[in-house]
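Q: coordinates for the following, if possible.
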Amino acid sequence: MEDIITVRELQEKFDKQENVFILDVRPEDQRKEWQIANSVHVDAYKLLNDGDDTALDIVDLPHDCMIVTVCAAGRTSLLASKLLQRKGVQAYSLDGGMKAWNYAWNIARLTVEGVKVIQVRRAAKGVLSYVVGSKNEAIVIDAALDPNVYQAIAEDNGWKIKFVTDTHVHADYVSRTRDLGRAAGAKHLMIDKAKLEFNYVGVANGEVIKFGDVELEVVHTPGHTWESTTFKLGDSVIFTGDTVFTDGIGRPDLKAGAAEGIEKAKVLYKSLKHLLSLNGDMLVLPAHTSNSIAFDGKLIGEPIKTVKSRISLIELSEPEFVDYTASRLPPTPPNYLTIAAINRAGTYDGQVLADLEAGGNHCAIA
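A: All right, here's what the predicted structure looks like:
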C-alpha cells in the first residue's frame, strides 16, 4: 500500500542513514513506555480519532524528508498519515506500529584481543545480544531475535555458531536461544544452576568455554536471578546480562516473594562488589539499555571504572543496599510470569510474541 511503510523498509532507511522524520501520535503514557529513538511526539490520539483536521497543526514538520507516523499498532498513525497527505505532505504510516517495530534491530561492532564482538540491538525495547567470533567459530549470548538474524551475521563473518547461551532466564522477552541452537546445530550452554525444563549442557562457575582462539570464562553472579551469569573475555570485556548495566543495576525482586527478594538483594550486592572490583578498564557489555537505540553504530558499553563512578549505591553497606533496592523498584514488566515460564520451558507454541513482548524493559535500578 502507498500509505504505509514496513518495519523492514524503515530499518533499511535508518541503516543507510537516510533522513526520515518520525512523528509519534500515541498518548503520553504509551510514549513513556517505549519509543523510536529521535522521534518527535504529539499526543494527537483523541483528536485524530475524532476526525479533527487540526490534530497535527502544532507540529513543525520538515519539508526535505519523508514523514513516518507511528502509533501502537498502526491504525491511528494511518489516520495521521492520510491527514498529512491531504495537506500535501509526503507521509507514511508505520505498518504494525510499535508492536511491529519491537523487532527492528541494528548492530554495533567491537574488536578486542583479536576477537570480534557484534552487539545486536532490538531498537525499541533496548535489548542487547552478542555474537562473539574467533577464527571460524562463534558463540551467541542472549539471542532475542529470529535465528536467521544471528545466522546471517555469522555467515557474513565466516563463522559457524558453535555455542548459544543466555545470561539468565529472561522475564521481559522470549529468548530465541533454544531456537537458534537447533537451527545452527550449536550446543546450548547454561550455568549448571539453571532450573530449566529442557536439556542443556551445564557449565560451572569458573569453567572456560573455548571456541576459535577464545577462552570465555563463566562467572556465576546471582542476584538479579539465582542463575544470573557473567561471561568474561580475557581482561577486556565482561558480558554482564542484567546484573549490571552501564548506568544501573539489575532489580533483584522479580519472580520472588518478599523474603526471597531480600536474599537476592544480598547476593546481588556481593556479585556487584566482585564485578566492579575487576580491572577498571574492562568493558561492561550488558543485556539491556534503558533507552531506545538509535541506528548510529555506537557500541553500548562502558569501562568498569566509568560504571562504578555512576553507581553510587555500590558504596552503601549491605543492609543499606538491601533497603535502597527495595525502595527503588521500577514497575513490574507486563507478562513477566508468562514470559519467564516460557523461557524455562523452552517453547512458546501458540503464544503471540508481539503481544507478550510489547513495551519497554523494566530491569534496572539506578
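Q: CA atoms for contacts and neighbours, from now on please.
A: Fine.
Q: Asp355 - how many residues pack around it?
A: Neighbours of Asp355 under the rule other CA atoms under 10 Å: 12.
Q: so what's the residue nearest the centre of the chain up against?
A: The centre of the chain sits closest to Val127, judged by CA atoms, centre = their mean, with a distance of 0.4 Å. Shown in contact with Val127 (CA atoms under 8 Å, 6 or more residues apart in numbering): Arg121, Ala144, Ala287, His288, Thr289, Asn361.
Q: TSV for those, including neighbour count, pLDDT and secondary structure?
A: Listed next are the contacts of Val127 as TSV, based on neighbours: other CA atoms under 10 Å; pLDDT from 0 to 100; DSSP: H, G, I helix; E, B strand; the rest coil:
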residue	neighbour count	pLDDT	secondary structure
Arg121	29	98	strand
Ala144	25	97	coil
Ala287	30	97	coil
His288	26	95	strand
Thr289	25	94	coil
Asn361	25	76	coil
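Q: look up which residues are beta-bridged to the residue nearest to the centre of the chain.
A: As for beta bridges, Val127 partners with Arg122, His288 under DSSP bridges.
Q: can you tell me how far it is from Asn38?
A: Distance, Val127 to Asn38, using CA to CA, to the nearest Å: 17 Å.
Q: any weak-confidence spans in the chain?
A: 1, 253-258, 364, 366 (pLDDT under 70).
Q: helices of the stretch 201-350 of the chain, start to end?
A: 258-275, 304-310, 318-327, 336-345 (DSSP state H, counting those that start in this stretch).
Q: walk me through the domains of the protein.
A: 4-100, 104-365 (automatic domain parsing).
Q: ranking the ones you listed by burial, who's on top?
A: Stretch with highest mean neighbour count among the domains of the chain: domain 104-365 (a mean of 19; mean count of other CA atoms under 10 Å).
Q: for Tyr348, give me its contacts.
A: Ile342.
Q: so that it lines up with my notes, have the first residue be 646 from now on.
A: Done: numbering now begins at 646, and the last item shifts to Tyr993.
Q: can you list the helices of the stretch 846-995 of the chain in JSON lines and add distance to Trp871?
A: Shown next, in JSON lines, are those (distance: least, CA to CA, whole Å):
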{"stretch": "helix 903-920", "distance to Trp871": "7"}
{"stretch": "helix 949-955", "distance to Trp871": "23"}
{"stretch": "helix 963-972", "distance to Trp871": "16"}
{"stretch": "helix 981-990", "distance to Trp871": "13"}
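Q: of all the ones you listed, which lies closest to Ala816?
A: Closest approach to Ala816 among these (CA to CA): helix 981-990, 4.6 Å.
Q: who are the packing partners of the helix or strand just after that closest one?
A: The element immediately downstream of helix 981-990 (helix or strand, assigned by DSSP states H and E) is helix 998-1001. Packing partners of helix 998-1001 (3 or more CA pairs under 8 Å, 6 or more residues apart in numbering; DSSP states H and E): helix 742-746.
Q: what's the next secondary structure element after the helix it packs on?
A: strand 750-757.
Q: got the contact list for that next one?
A: Here strand 750-757 has contacts from 656, 660, 761-768, 881, 940, 942-944, using CA under 8 Å, 6+ apart.
Q: next one: stretch 816-828
A: Against stretch 816-828 from outside (CA under 8 Å, 6+ apart): 786-792, 795, 808-811, 831-833, 978-982, 984-985, 987-988, 991, 998, 1001-1002, 1006-1007.
Q: what sits against Thr874?
A: Thr812, His813, Ile836, Val863, Val864, His865, Thr866, Pro867, Thr885, Gly886 are the contacts of Thr874 under CA under 8 Å, 6+ apart.
Q: ok, now Ala999?
A: Lys744, Ala745, Asn747.
Q: separation between the second one and Arg767?
A: Meaning Ala745. Ala745 is 11 Å from Arg767, where distance means CA to CA.
Q: over to Val757?
A: Taking CA to CA, one finds Val757 at 23 Å from Arg767.
Q: again with Cys716
A: On the measure of CA to CA, Cys716 and Arg767 end up 18 Å apart.
Q: ok, Ser937 next?
A: In terms of CA to CA, Ser937 sits 8 Å off from Arg767.
Q: next, show the common contact partners of the two.
A: Joint contacts of Ser937 and Arg767 (CA under 8 Å, 6+ apart) do not exist.
Q: contact partners of the helix or strand harbouring Tyr795?
A: Here Tyr795 sits within helix 792-801, counting by DSSP H and E. By CA under 8 Å, 6+ apart, the residues outside helix 792-801 that reach it are Val776, Ala783, Val785, Ala788, Lys805, Ile806, Arg821, Thr822, Asp824, Leu825, Ala828, Ala829.
Q: please repeat the previous calculation with a cut-off of 10 Å.
A: By CA atoms under 10 Å, 6 or more residues apart in numbering, the surrounding residues in contact with helix 792-801 are 750, 752, 763, 765, 774-778, 781-785, 788-789, 802-806, 821-829.
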